Structures are given as structure tokens and as C-alpha cells.
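# Structure of the sequence below:
(one chain, ligands or ions: 1)
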Amino acid sequence: MPFSSPSLLSTPYTTLPIPRNLIPPRQSPSPSTTTTTSPTPHILWIGCTTTPTTDTNAVTNPRASMFIHRNLGPLLSATDLSTQSALEWSLNLLGVEHIVVCGHYGCSFLSTPSTSTEEQTTSWGVWGKDIAAFHAEHARLRKGMGKEEEEKRFEELYVLAEAEWLGRQEMVRKAVVERGLRVWAFVWDEERGEGVRVVRTGEKVDGEV
Ligand SMILES: [Zn+2]
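Now for the predicted structure:
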């Protein structure tokens, strides 16, 4: 779970358009451990299972260049075997150079967290129990804000927190230091057919001096 502190919900950030060429083609040779002759994916794309899968259109990179991992949220967790194996596979075997965490506006899972006792005992209720708690805290902090704006802000803060959680994981941190792995936080806007990049205030943005 990316949220370790409610203060993260007050993180100052901004959203930026995603340049078409933000993620370049693979820069390093494909790892020799793979036996396939097709190009080895160099992007780990982490998306939500409730999105219509058009979120990868946020960039022009071909689908074949992406190793795609989806679950509800998406929700990353150090105790989830699926998340951990996807990270290990893509980092150690594929040698990915970029990780994209991509949420989407209007996510039904994030916007309607389980609240009833009955829902909280379902598998998806257990899966999202921490999200429900932070959703309630976010709603309290954003009291007076329109519902749509509040949900958009929560989605943006959510992917930012997930990207920052990834950056704290040992295997990710090692790849960042040793070979310049980049981690990106995106939110896909299905209505507009484009995404935004979420950047913490003060973070250096590509292209800036
Ligand atoms: Zn979703």
C-alpha cells in the first residue's frame, strides 16, 4: 500500500501534458536471458483492470514495447506476490528502463471504496480497505470541493504516492542508481483520449534547465 501517512494527501503537485516522445525506444541492449527474437519490452506498464485498456495510448510507444501488469486500483503492495513477481520479472529478466504507474479518472474502484461491513468482508473489500480509509480522509480534507474535482485530485495523488512507493523498493532503487531507471506517474483521461503526468512540486521536469 503506497500510503503510509495521511500527510501524503496534502502533497503539493502539478499535472503536465505528456510529450509524445517522453519515453524513448530502448537505450540499452536487450538482456541475453530472453530467448525470443521479438523486441524485449523496456517499459513496465502498471494499470487498473477497470480501465478500458486504452490508457497505453498516453504515449506513442508500441504495445510490444510494454510489459503490462494490471490489477484493481492499480494497487501495489510488498505483500502481493503478483506485484512482486511482475516487478522482479520486468526489472531482472527484461531489464526495463521505465516504469509507468497509470491510474485513470473516474476509476470505479477508487471512487466507490467499500464502506459497508458486508462489502469489507469480500475479497475486493479487503483488497481496497486501506484505500477506503484514505478516501474518507481525502474527502474530509477536500470538504467544499466539488465531487468530480475531489475524485480527480484523489486519483492524481494516488498514482503519485504509488510511484513514490515504487521508488522506495530496493530492486527499483537499485535499478534507478545503477542504470537510470525512470518511474512515471500518469493518469489517463478516457473522455479526452489523453493522459497527464503527475509531478511533485519541486521535481525537475524533463526539458527544464
Ligand atoms: Zn480503475
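
# okay, and the helix or strand of this structure with the least pLDDT?
Every helix and strand in the chain was compared by mean pLDDT, DSSP states H and E; the lowest is helix 117-120, with a mean of 72.

# Does the top helix by length along the chain reach the ion?
If you go by DSSP state H, the chain has its longest helix at helix 147-168. No - applying Cβ under 5 Å from the ion, one finds helix 147-168 separated from the ion by no less than 8.8 Å. The way it works is simple: take the backbone N, C-alpha and C, and place the C-beta from them, glycine included.

# on that earlier part again, what's the helix or strand just after the least confident helix or strand of the chain in contact with?
Counting by DSSP states H and E, the next helix or strand C-terminal to helix 117-120 is helix 123-127. Residues outside helix 123-127 that contact it (Cβ atoms under 8 Å, 6 or more residues apart in numbering) are L72, G73, L75, F109, S114, E119, Q120.

# what does stretch 175-189 give?
Taking Cβ under 8 Å, 6+ apart as the rule, stretch 175-189 contacts 15, 18, 22-23, 28, 47, 51, 54-55, 58, 91, 95-105, 152, 155-156, 159-160, 162-163, 166-167, 172, 194-199.

# Is it possible to mark the buried ones in these?
Taking 16 or more other Cβ atoms under 10 Å as the criterion, what is buried in the contacts of stretch 175-189 is 15, 18, 22-23, 47, 51, 55, 58, 91, 95-105, 152, 155-156, 159-160, 162-163, 166, 172, 195-199.

# What spatial separation is found between S65 and P29?
In this view, S65 and P29 are 15 Å apart by Cβ to Cβ, to the nearest Å.

# From the neighbour counts alone, determine which of those two ranks first.
Between S65 and P29, counted using other Cβ atoms under 10 Å, S65 has the larger neighbour count: 19 against 8.
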